[in-house]
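Q: just coords:
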């Protein structure tokens, strides 16, 4: 791996300013990407990272400032121009067509293809790229059948297929497990060693430190600084990012678990493709504890949440909530039975973006008193409930009549948390509750989940942030291929290698034994 | 330096803009129509003033406009209800015909010599007929995700031919000298008309339905469910709402409204089944619903407006010898502009002066 010529700039953005209806999203921001480097773009939610990258990708035209690609000043009027210029972007929400196959998505927007598609050649090219960059994926699978991690691989492949030499990854690890993230980093390293430039957007400090060569920090739309990663520390970056010292700790009381609230007994369920996703899974979550679920994406975590919430058919086995058998009951009955589900897909599943805060606040209680009487919605009650939620969960919004689509990710999650947690629920399922949130919102969400636990809630926490799981969980179950590899009683003290082995399919006893051995031999 | 147009999404649509867009769409459509009329060799000013005078110039004109607005309002409510759930009911035309057939069957086979009882029978039967007709499409949509735009549209042709079968075949009036029509209904089976005009009791329904559905959608639990399902079916499932059940139900009710509209048109106005029974209300109502931005009360106003156009255009045919199809062109223009106007609700266009040049593949290769 030769050292790339640092003088060779692939992209230079100078004094980029972009305003939206009075809000300045970027104020004279400078940014550049060199060949063979990973340039991390760091900042809290709303700091202007996405806007800056949207300018680079031709989605927005800057109000002022210049963009130079390959030594030439350019003005993109659409992503197509950016793609032609060799810029590829992998968004947080992948721009893939769910109903089409991987290879069909690969040629989206590729010009100059013959009318009869050379399927063989496309397959070969995908094969070659996947091998070279370690992005294993089945070219004939349809997008909707893939896990989020796999979809991300497709999105990256799509860019490489179009011969992008500058790749923008927008919070790529937010949806990945440590192992998947590590694989992604390998891919990124492979790309930079070949002279690609990679922009890595993130607010996970550890990853930024581990992967990048340089870091640019944005705060409130302004360029705070660009530093060499080698000459800085996590704390310094965090300080530049938020403008004050941050504490990386979670205050947690000792749990006092009671009787089991969520009980799964030999549950089997299928995934969307009709293949077994949960294979005879048994676990229980007790009153006043957080049971974390760790595992590589696509090992049945999502299906488990859905099965408990009544959104996925249970093929066999039983699910008991607070002692009552609610296996395959109607979702409404399960909600009334005390199950509160915080889905990962906030805007897609948990909320109705075009409806306002008050309408969204009653989504899970609109059939119950006092918000509903004799078939009518009592809006007076709804408004006071919504106002109460907004103030108790500090959702920042102009009014309760504001459409939810206008709220930021953090506020969306606060609203949803409020809706699900406000009446001290018994059973809580939280799927990736801090996904994509900034530091402050993440802290808030974690505190709220702990608070719900402290008043006797049984919390099932699915996350792909292992640090979060270790810090939050009272017990940690590791899932692999729809089964529980074991439940770790004191996760904070458990050897991380053992958890890693369990995530790869080793049973707990064995994993701990071999992790112990390694520990001794090391 | 070069000028270019840049389309950007709007973050929020102001209230004023929301009101102005349909108005501007309508004005643009009429302006475009003026050009069209000009090329037809007709003075647009004269044509438009004829339309206004014919439809609003006197009591008779106004009453005729109301007569047109009655079925339009009712059917537009049907369209609106389905679309609130994001279901396109393009099949109202067919549902109107089915409602009319059912009403005629009621008069033919279970005639009761009491206006109220007869009306009740016709109301229920026409509602069921239209409702079932629409629910068929709803069921296919719910069960197998069959596109309802296609099924409802195709069912229109089935319904219309079904209708033709009766008027050309078993129900044809033997005294009609071969004209395809059924015998005239007895008086008891006719809706009351007011003030010596053709405005019939359907007016009450046309005024009542929008209010009822405004209340239903805004204030009832079911209305809330329908709206959530229309906006985000996934969230609806997450909240435990049954999409399948409600698609069928909403389609049934939507079809029932259209069916009852057909009954009103039949019993209030024409008094018999005859060829060319509906005159495209089922399609025009789609325009109405969209122009009114699916607002139940707006639908009343827009129906009246389109009633003006319909009545005016009938006069135009006679006075200026314009073919019927020219009025269909005008209607088409309106829908076109209304749907086009929707674009400006979500996006804005800015003229930008670009300093740099567009990145062309050649330029980039040179750059490398």
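A: Perfect, I can see it now. Here the structure is a predicted model, which is why all the values come from computation and not from measurement.
Q: going forward, measure contacts and count neighbours with C-alpha atoms only.
A: Fine.
Q: Please compute how far stretch B:133-141 lies from its chain's middle.
A: Relative to the centre of its chain, stretch B:133-141 is centred 18 Å away, using CA atoms, centre = their mean, to the nearest Å.
Q: Name the residues that touch it?
A: Applying CA atoms under 8 Å, 6 or more residues apart in numbering or on different chains, the contact partners of stretch B:133-141 are B:89, B:91-92, B:94-95, B:98, B:146-148, B:151-152, B:155, B:244, B:247-249, B:251-252, B:254-256.
Q: what do you get if the cut-off is 6 Å, keeping everything else the same?
A: B:146, B:148, B:151-152, B:247-248, B:251-252, B:255 (CA atoms under 6 Å, 6 or more residues apart in numbering or on different chains).
Q: any idea of the mean pLDDT in it?
A: Confidence over stretch B:133-141, taken as the mean pLDDT, stands at 95.
Q: thinking again about what came up before, selecting buried members of the contacts of stretch B:133-141 in PyMOL, what would you type?
A: Selection of the buried residues among the contacts of stretch B:133-141 in PyMOL, burial being defined by 16 or more other CA atoms under 10 Å in any protein chain shown:
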select buried, chain B and resi 148+151+152+247+248+251+252+255
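Q: Restricted to helices, list the contacts of stretch B:133-141.
A: Using DSSP state H, the members of the contacts of stretch B:133-141 that fall within helices are B:148, B:151-152, B:247-248, B:251-252, B:255.
Q: residue ranges with poor pLDDT in chain A?
A: Within chain A, the ranges that satisfy pLDDT under 70 run A:1-7, A:21-23, A:44-46, A:174-175, A:177, A:203, A:242-250, A:296-297, A:516-522.
Q: Quick check: the residue of it nearest chain B.
A: Evaluated by CA to the nearest CA, chain A has residue A:376 as its residue closest to chain B, separated by 3.9 Å.
Q: okay, the nearest residue to that residue once chain neighbours are set aside: pLDDT?
A: Residue nearest to residue A:376 in three dimensions, not counting chain neighbours: residue B:220, with 3.9 Å by CA to CA, 6 or more residues apart in numbering or on different chains. Model confidence at residue B:220, expressed as pLDDT, equals 95.
Q: What is the neighbour count of residue B:220?
A: Neighbourhood size, residue B:220 [other CA atoms under 10 Å in any protein chain shown]: 22.
Q: Run through the residues of the stretch 401-522 of chain A sitting next to chain B.
A: Proximity of the stretch 401-522 of chain A to chain B is assessed by CA under 6 Å from any CA of the partner chain, with no residue identified as in range.
Q: in the stretch 401-522 of chain A, which spans are strands?
A: In the stretch 401-522 of chain A, the strands defined using DSSP state E, counting those that start in this stretch lie at A:427-431, A:458-462, A:475-480, A:483-488.
Q: outside of the third one, which residues touch it?
A: When you say that, I think you mean strand A:475-480. Residues from elsewhere that reach strand A:475-480, judged by CA under 6 Å, 6+ apart: A:291-295, A:299, A:484-489, A:491, A:503, A:505.
Q: between it and strand A:483-488, how big is the angle?
A: Taking axes from the mean of the first three to the mean of the last three CA atoms, to 10 degrees, one finds that strand A:475-480 is oriented at 160 degrees with respect to strand A:483-488.
Q: Relative to the helix or strand residue A:317 falls within, what are the paired strands and their orientations?
A: When secondary structure is defined using DSSP states H and E, the element that contains residue A:317 is strand A:314-321. Neighbouring strands of strand A:314-321 in its sheet, by DSSP bridges, are strand A:260-270 (antiparallel), strand A:324-325 (antiparallel).
Q: Enumerate every residue touching residue 112.
A: Assuming you mean chain A. Contact analysis of residue A:112 by CA under 6 Å, 6+ apart lists nothing.
Q: other chain: chain B
A: Contacts of residue B:112 were listed using CA under 6 Å, 6+ apart, and they are residue B:118.
Q: can you give me the mean pLDDT across the helix or strand harbouring residue B:264?
A: Using DSSP H and E, residue B:264 sits in helix B:243-264. Helix B:243-264 comes out with an average pLDDT of 95.
Q: Look up how far residue B:247 lies from the residue in the stretch 51-200 of chain B that chain A sits nearest to.
A: When distances are taken as CA to the nearest CA, the stretch 51-200 of chain B approaches chain A most closely through residue B:84, which lies 12.6 Å from it. As defined by CA to CA, to the nearest Å, residue B:84 lies at a distance of 11 Å from residue B:247.
Q: circling back to that earlier point, which of the strands paired with strand A:314-321 sits closest to residue B:278?
A: Across the strands paired with strand A:314-321, residue B:278 has its closest neighbour in strand A:260-270 (50.4 Å, CA to CA).
Q: Write out the residues of chain A neighbouring chain B.
A: By the rule CA under 6 Å from any CA, the part of chain A lying against chain B is A:70-71, A:74-75, A:331-332, A:349-350, A:352, A:364, A:375-377.
Q: what sits against residue B:36?
A: Taking CA under 6 Å, 6+ apart as the criterion, residue B:36 is in contact with no other residue.
Q: Remind me which helix or strand it belongs to.
A: If you go by DSSP H and E, residue B:36 is part of helix B:15-39.
Q: sorry, back to before: thinking the residue of chain A closest to chain B is in contact with residue B:223, fair?
A: No. Taking CA atoms under 6 Å as the contact criterion, residue A:376 and residue B:223 are not neighbours in contact, 8.9 Å apart.
Q: Which residue would be the closest one in chain B to chain A?
A: Scanning chain B for proximity to chain A using CA to the nearest CA identifies residue B:220 as nearest, at 3.9 Å.
Q: what about that residue, distance to residue A:314?
A: Taken as CA to CA, the span from residue B:220 to residue A:314 is 33 Å.
Q: How about the secondary structure of residue B:277?
A: In terms of secondary structure, residue B:277 is coil; the call rests on DSSP: H, G, I helix; E, B strand; the rest coil.
Q: ok, it - how many residues close by?
A: Counted with other CA under 10 Å, the burial measure for residue B:277 works out to 19 neighbours.
Q: burial measure for the closest residue to residue B:200 other than its chain neighbours, as a count.
A: Distance criterion CA to CA, 6+ apart; nearest residue to residue B:200, sequence neighbours excluded, is residue B:193 at 4.1 Å. Here the neighbour count serves as a burial measure; for residue B:193 (other CA under 10 Å) it reads 15.
Q: same thing with the one 4 residues further on?
A: By the criterion of other CA under 10 Å, residue B:197 has 13 neighbours.
Q: Next, it: phi, psi?
A: Phi and psi for residue B:197, reported as degrees, to the nearest 10, are phi -100, psi -180.
Q: Local confidence estimate at it?
A: For residue B:197, the pLDDT comes out at 83.
Q: Can you tell me the closest non-neighbouring residue to it?
A: What sits nearest to residue B:197 in space, not counting adjacent residues and going by CA to CA, 6+ apart, is residue B:63, at 6.5 Å.
Q: returning to what we had before: out of the contacts of strand A:475-480, what pair is the most spread apart?
A: A:299 and A:489 (21.1 Å).
Q: Neighbour count for those two, which is higher?
A: Neighbour totals were compared for residue A:299 and residue A:489, and residue A:299 leads with 21 against 14 (other CA under 10 Å).
Q: Could you report the neighbour count for the residue lying closest to that one once chain neighbours are set aside?
A: Closest residue in space to residue A:299, ignoring its immediate chain neighbours: residue A:481 at 4.6 Å, by CA to CA, 6+ apart. Per other CA under 10 Å, the neighbour tally for residue A:481 reads 20.
Q: right, and residue A:481 touches residue A:298 too?
A: No. The pair residue A:481 and residue A:298 does not pass the contact test of CA under 6 Å, sitting 8.0 Å apart.
Q: hang on, the earlier thing: ranking the contacts of strand A:475-480 by neighbours, who comes first?
A: So for these (other CA under 10 Å), the most neighbours sit at residue A:295, 32 neighbours.
Q: show me the contacts for the residue nearest the centre of chain B.
A: Taking CA atoms, centre = their mean as the criterion, residue B:285 is the residue nearest the geometric centre of chain B, at 1.1 Å. In this structure, residue B:285 makes contact with B:72, B:75-76, judged by CA under 6 Å, 6+ apart.
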